[in-house]
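**Student:** following is a predicted model, sequence given first.
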Amino acid sequence: MTSIYGEQVNEITKGTKEFFASNGLISKFSYTLMILIVFILLFQIGSYIVTTLFAPSSSPYIVNGMIDGKQYMKVDQDPRKGKSVTILRSDDESKGIEFTWSCWVFLEDMDYNKGKYRHIFHKGEVQTLVEEEDDEETTDDNENDFQDDETGKVDINNIQKKTGINFPNNSPGLYLGPNDNTLYVFMNTFSSIMEQIVIKDVPMNKWVNIMIRCQDKTVDVYLNGVIAKRHVLDGVPKQNYGSLYTGVDGGFGGYLSNLKYFDHAVGTKEITDVINEGISTKFYSPKPGTYDSANYLSSQWYGMNDIGKM
């Protein structure tokens, strides 16, 4: 009887030791797992802080101030170079590729650089500017060559007759027309070398905000916060890693202010914020001469019945 009782006690003691041993393993595993989770959380928080402090802005000013439209400027993308401004390519969102460009333009002198497309800005390395094939053509003949004022694909054969356009890199490119106050937006796509969007009758001698907003293959061009033209590209926009340029080939007669990039398609609030912020008439870099710094907008693009706000 005593022997049986002793065996039972030994079995109970052995079971108790095994139970505590198993609980010890569970405790050690749980502790290790908790440490691992805390480490991962701290690593993510630290990475977010470092990225926030040191990563390039996703919505940088390329020109934070005002420059003369005739002023040539190159903005490098290489962060190792001084005064570079890194423009982050858009990551595909749920609705496709997205980005927005915004700037203020003051069109002043239509006679300056007349007869060729007048460069405002473009992104992409400068190639040989397209030149006329026949230098003996008259002014009237040259003007007829430029009457390609329809939104859509650009005829590559016809573009050989156009001067002032950087070819082929325009992602995007903004130009003033060769003969009047028409704006041209050029965009490279994966389906065609270039497509163009034409905005006619842009107000002169007044500050006008221009936004080029892309979402997937749809490009909206806004003037002072109002949609002036919508165009569905034939293919996906082709972004590039090239530098940004202003005032190429003599630029245009006027001023450019607050050129800014967004790595997403801006919404109504951001559009309103840009319009409310207005322009900066402080020269981005020293430039001789004087300028009337009156800060006013064109009212022509407000209250129009045939176009609506986003």
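**Tutor:** Alright, I've got the coordinates. Residues are numbered from 1 along each chain as shown.

**Student:** low-confidence stretches in this structure?
**Tutor:** Within the chain, the segments meeting pLDDT under 70 span 1-25, 51-57, 79, 82, 91-95, 128-149, 151, 155-162, 285-310.

**Student:** repeat that with 50
**Tutor:** Low-confidence segments of the chain, defined by pLDDT under 50: 128, 132-147, 286-296, 299-310.

**Student:** how about the helices in it?
**Tutor:** Remark: helices assigned in the chain by DSSP state H are 2-54, 139-145, 156-159, 268-277.

**Student:** neighbouring strands of the longest strand along the chain in the sheet, and parallel or not?
**Tutor:** Longest strand of the chain, by residue count under DSSP state E: strand 98-109. The strands beside strand 98-109 in its sheet (DSSP bridges) come out as strand 207-215 (antiparallel), strand 253-262 (antiparallel).

**Student:** between these, which one is nearest to residue 73?
**Tutor:** Closest of the strands paired with strand 98-109 to residue 73 is strand 253-262, at 9.3 Å (criterion: Cβ to Cβ). Every C-beta, even on glycine, is put in place using the N, C-alpha and C of the backbone.

**Student:** hey, what's the residue nearest to residue 172 when sequence neighbours are not counted bridged with?
**Tutor:** Computed as Cβ to Cβ, 6 or more residues apart in numbering, the closest residue to residue 172 that is not its neighbour in sequence is residue 187, at 5.0 Å. Beta-bridge partners of residue 187, counted by DSSP bridges, are residue 195.

**Student:** mind splitting the protein into its structural domains?
**Tutor:** Split into domains by automatic domain parsing, the chain comes to 1-55, 58-301.

**Student:** deepest-packed of those, please.
**Tutor:** Mean neighbour count (mean count of other Cβ atoms under 10 Å) peaks for domain 58-301 among the domains of the chain, with a mean of 17.

**Student:** so residue 279 touches residue 105, yeah?
**Tutor:** No - in this structure, residue 279 is not within contact of residue 105 by Cβ atoms under 8 Å, at 9.7 Å.

**Student:** pull up the overlap in contacts between those two.
**Tutor:** Taking Cβ atoms under 8 Å, 6 or more residues apart in numbering as the criterion, residue 279 and residue 105 both touch 207, 257.

**Student:** now the strands paired with strand 98-109 as JSON lines including distance to residue 67?
**Tutor:** As requested, the strands paired with strand 98-109 are exported to JSON lines (distance: least, Cβ to Cβ, whole Å):
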{"stretch": "strand 207-215", "distance to residue 67": "14"}
{"stretch": "strand 253-262", "distance to residue 67": "5"}
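
**Student:** that concludes my questions; thank you for your assistance.
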